[in-house]
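*Asks:* what's the 3D shape of this:
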Amino acid sequence: MDSEKGGDSESYKRSTLLDINGVPFPSDMINGWGAIWNFKARPDDLLICTYPKAGTTWIQEIVDMVQHGGDLQKCARAPIHERMPFIEMFLPKLNFSGVEEANAMASPRTLKSHLPVQLLPPSFWEQKSKIIYVARNAKDNVVSYFHFHRMNKTMPEPGTWEEFLETFIAGKVALGSWFDHVRGWWEAKDRHPILYLFYEDMKEDPGREIRKVAEFLDIQLPESVLNQIVLHTKFERMKVNPMTNYTTMPSSLLDHSISPFMRKGTVGNWKEHFTVAQSERMDDLCVQLLKGSGLSFRTEL
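*Replies:* Numbers count the residues shown, from 1 in each chain. You can find the predicted model right below:
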């Protein structure tokens, strides 16, 4: 295993970040940007969008279950990243393009993106495709993103926790500023069919939030199916499910021995990482940078 990993690390070098319109992206994505920006959305597409590590895989599995009436076998047909192409993922060394995967897919498609609102391919707005956005409080989000950088070989080295927190606050991480991302999508929901959900609400009452998803998708959900979905999408279940936990990906990309892709899945884990001063600073920044938006986050339940 170790020798295999040694060989793997030779073949995949951690990326550097380059800007597109002021937003940092892993260098590989830049090379595929033309195809991403010109992506052709379809009117019956559903796009799941989040800032990275905000509950993306969780909402993806929920949506797939809702769409398939809680059928466990259908939701085990392939790993989540194959069921819902990640449109801006571009790994030339592995000959992989999310755009090509999506283009090859029959309608109706469910797609995934982490793009900030201003960089979403214009065809999504033109086609009025439905979008589900999930936002997670900044403190838990940055902790999860830090551990993700540690295990994801396609991302830059995160450095120490202190260093990564500074980079995150400055918006110098892949996909840019968390503050701009959550606020941009929050404001977009007034002019586009967007269901905006909060990670903390999903944790507090998953059944209630899954109902919102079903209503948004015009799907009738019997109580028994709803309960089945709540059970199947519990963090503990998804963490051990190879169709959702990303263990099917090569260790040259995701090294689960460093940190699992699905790590804690809780609200409040930030308390194990933040100092009091860091916590107060983040609270102040949230007040300042989300001011006037009507957007607020819970950092504990």
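
*Asks:* tally of neighbours for the closest residue to Leu18 other than its chain neighbours?
*Replies:* Excluding the flanking residues, the one nearest Leu18 by Cβ to Cβ, 6 or more residues apart in numbering is Ile30, at 4.8 Å. The C-beta positions use only the backbone N, C-alpha and C, and glycine is treated the same way. Counted by other Cβ atoms under 10 Å, the residues lying close to Ile30 total 18.

*Asks:* same thing with Gly268?
*Replies:* 16.

*Asks:* Now it: closest residue in space, sequence neighbours ignored.
*Replies:* Glu300 (4.5 Å).

*Asks:* Assign that neighbour to helix, strand or coil.
*Replies:* Under the three-state scheme (DSSP: H, G, I helix; E, B strand; the rest coil), Glu300 adopts coil.

*Asks:* Model confidence score at it, please.
*Replies:* Confidence at Glu300, expressed as pLDDT, is 95.

*Asks:* mind checking how far it is from Ser279?
*Replies:* Note on Glu300: its distance to Ser279, by Cβ to Cβ, to the nearest Å, is 11 Å.

*Asks:* same question, Leu301
*Replies:* 17 Å.

*Asks:* Neighbour count: those two, which is higher?
*Replies:* Ser279 (15 against 10).

*Asks:* My impression was that that one belongs to a helix - is that right?
*Replies:* Yes. Ser279 sits within a helix when classified using three-state DSSP.

*Asks:* Leaving out sequence neighbours, find the closest residue to it.
*Replies:* Ser279 sits nearest to Lys139 (Cβ to Cβ, 6+ apart), 7.0 Å away.

*Asks:* same question, Met238
*Replies:* Nearest to Met238 is Thr244, by Cβ to Cβ, 6+ apart, at 4.5 Å.

*Asks:* burial count for that neighbour?
*Replies:* Around Thr244 there are 26 residues (other Cβ under 10 Å).

*Asks:* quick one: it and Thr57 touch, right?
*Replies:* Yes. If you go by Cβ atoms under 8 Å, Thr244 and Thr57 touch, sitting 5.7 Å apart.

*Asks:* residue contacts, Leu17?
*Replies:* 24-27, 156, 172-174 (Cβ atoms under 8 Å, 6 or more residues apart in numbering).

*Asks:* Turn those residues into a markdown table, columns for pLDDT and secondary structure.
*Replies:* What follows is the contacts of Leu17, written out as a markdown table (pLDDT from 0 to 100; DSSP: H, G, I helix; E, B strand; the rest coil):
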| residue | pLDDT | secondary structure |
| --- | --- | --- |
| Pro24 | 94 | strand |
| Phe25 | 93 | strand |
| Pro26 | 87 | strand |
| Ser27 | 86 | helix |
| Pro156 | 81 | coil |
| Lys172 | 95 | coil |
| Val173 | 94 | coil |
| Ala174 | 92 | coil |
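
*Asks:* Most neighbours of all the residues you listed, which one?
*Replies:* Busiest of these [other Cβ under 10 Å] is Phe25, holding 25 neighbours.

*Asks:* What spatial separation is found between that one and Val134?
*Replies:* From Phe25 across to Val134, the span is 21 Å (Cβ to Cβ).

*Asks:* thought Ser27 was touching Leu18?
*Replies:* Yes. Ser27 is within contact range of Leu18, at 5.2 Å (criterion: Cβ under 8 Å).

*Asks:* which residue ranges form the strands in the protein?
*Replies:* Per DSSP state E, the chain carries strands over the ranges 17-20, 23-26, 46-50, 90-91, 96-97, 110-113, 130-135, 194-198.
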